[in-house]
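S.K.: quick one: sequence and predicted model below, then my questions.
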Amino acid sequence: MDYRVIVVLIHLGLSFTFSSTVFDPVYHYVNMKMSWANAQRYCRDKYKDLATFESMEDIQKLKRPILATAQVWIGLRDDPKSWKENLGNAKNSWRWSTTGKPSSTGYSSWANGQPKKFKDKLYCSTVNNRGKMYDASCGLKRKFICFDDSSTLGKKIYTVSETDVSWKDAQSYCRANHKDLAVVENAEELSEVILNVTDFAWFGLYRQPWSWSDGRSSSFRNWNTNQPDEAVSDGYCGFETEEHLWHNAACSAEFVFICYEDVPEVKMQTVRMKIQSDADLSDPAVSNSILQQLTAQLQRYGHPEGKLRWKKKPEKEDNRDLSTDDCNVKP
């Protein structure tokens, strides 16, 4: 993470130095075969966590040695406890469009065997006229249900659209013309939602599959073609191949793995300043006030680690050679 400072005030003869701490990931291959969970524990004990990647630049840092297995665990997992066995609060849990948060009541009415899919795309939900919820690919065209808040506290008003659109288009329409896609927090609300539903219809439940062990929100993925493979039994953990492409496998499989740690690096940047002002800029109180204002702006724009200090420009020495005429004294 690099910080850049743009300054419009310039202090004649002075500059300030901006320092920030940058954390660069360093990756370590561990040539011991373990399950994904045991590899996670090892990495958290010895380093920081199982490897997280945020870009191809991170992938290019990998220096793969000769290993006991061709498959190497990374920190990517799609734990079904967060989206299937319960409506949890993990990054890959089902959540509502209107809040971006999981259900406050934990209520659901999934059909038998639902939800069941975990491929690497945004997953969305439909409800049918029997009140059963199903997961579905978000690009499918479906009717949809919007909602508004009524004047009665906690009461929702639901509106069904008969136009077939994708989940994302349904969300955009509901946000522009109502409050959002429908939220269903109990059986009473569900019965109201399905009153005018004749087929499957989108509502506001969605999830983002595959999250990182360390909790980072990185959306970077490097899946191989046709991966992750839904046919893999209990294939909820991710590994890399020798080409650094990603596949999924059962988390109980024993592979070698990659840990990472953050190595801090302090970066310095000097900014020269030149100000035209009636104030006495050589007054320490004035220069300190300017520094405080710049520091506040730095923090305001998301750089709390940045530190500023004034650096006095050294005065130039007069190195001219004295001529003999300069030394002559007239009587």
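M.R.: Cool, got the structure. Bear in mind that the values here come from a model prediction, so they are computed numbers and not experimental data.
S.K.: residues touching Cys237, list them.
M.R.: Applying C-beta atoms under 8 Å, 6 or more residues apart in numbering to Cys237 gives the contacts Trp36, Trp73, Leu76, Arg77, Asn248, Ala249, Ala250, Cys251, Ala253. (C-beta placed from N, C-alpha, C; glycine too.)
S.K.: most neighbours out of these, which is it?
M.R.: In terms of neighbours by other C-beta atoms under 10 Å, those top out with Trp73 at 33 neighbours.
S.K.: gap between the helix or strand harbouring Ala285 and the chain center?
M.R.: Using DSSP states H and E, Ala285 sits in helix 284-300. With C-alpha atoms, centre = their mean, to the nearest Å as the basis, helix 284-300 stands 31 Å off its chain's centre.
S.K.: state the mean pLDDT of it.
M.R.: Averaged across helix 284-300, pLDDT comes to 74.
S.K.: ok, stretch 190-207 next?
M.R.: 93.
S.K.: cool, stretch 211-226 as well?
M.R.: On average, the pLDDT along stretch 211-226 is 92.
S.K.: which stretches of this structure have low pLDDT?
M.R.: When residues are selected by pLDDT under 70, those of the chain lie in 1-23, 85-86, 118-120, 265-279, 281-282, 297-331.
S.K.: leaving out sequence neighbours, find the closest residue to the residue nearest the centre of the chain.
M.R.: In the chain, the centroid-proximal residue (C-alpha atoms, centre = their mean) is Ser217; its distance is 2.8 Å. Distances taken as C-beta to C-beta, 6 or more residues apart in numbering place Lys91 nearest to Ser217, at 6.9 Å, with adjacent residues excluded.
S.K.: one more: Glu240?
M.R.: Nearest non-adjacent residue to Glu240, counting by C-beta to C-beta, 6+ apart: Val72, 5.0 Å away.
S.K.: ok, Asn129 next?
M.R.: Distance criterion C-beta to C-beta, 6+ apart; nearest residue to Asn129, sequence neighbours excluded, is Val197 at 4.6 Å.
S.K.: surely that neighbour meets Lys132?
M.R.: No - using C-beta atoms under 8 Å as the test, Val197 is too far from Lys132 to be in contact (10.9 Å).
S.K.: quick revisit: so which of the contacts of Cys237 comes closest to Leu122?
M.R.: Closest approach to Leu122 among the contacts of Cys237 (C-beta to C-beta): Leu76, at 16.1 Å.
S.K.: quickly list what the closest one is bridged to.
M.R.: Note on Leu76: beta-bridge partners Trp212, judged by DSSP bridges.
S.K.: can you give me every residue that contacts it?
M.R.: Here Leu76 is in contact with Trp210, Ser211, Trp212, Ser213, Cys237, Gly238, Trp246 (C-beta under 8 Å, 6+ apart).
S.K.: wait, isn't the first one in contact with Gly75?
M.R.: No - with contact defined as C-beta under 8 Å, Trp210 does not reach Gly75; the gap is 10.3 Å.
S.K.: shared neighbours, those two?
M.R.: Common contacts of Trp210 and Gly75 (C-beta under 8 Å, 6+ apart): Gly238.
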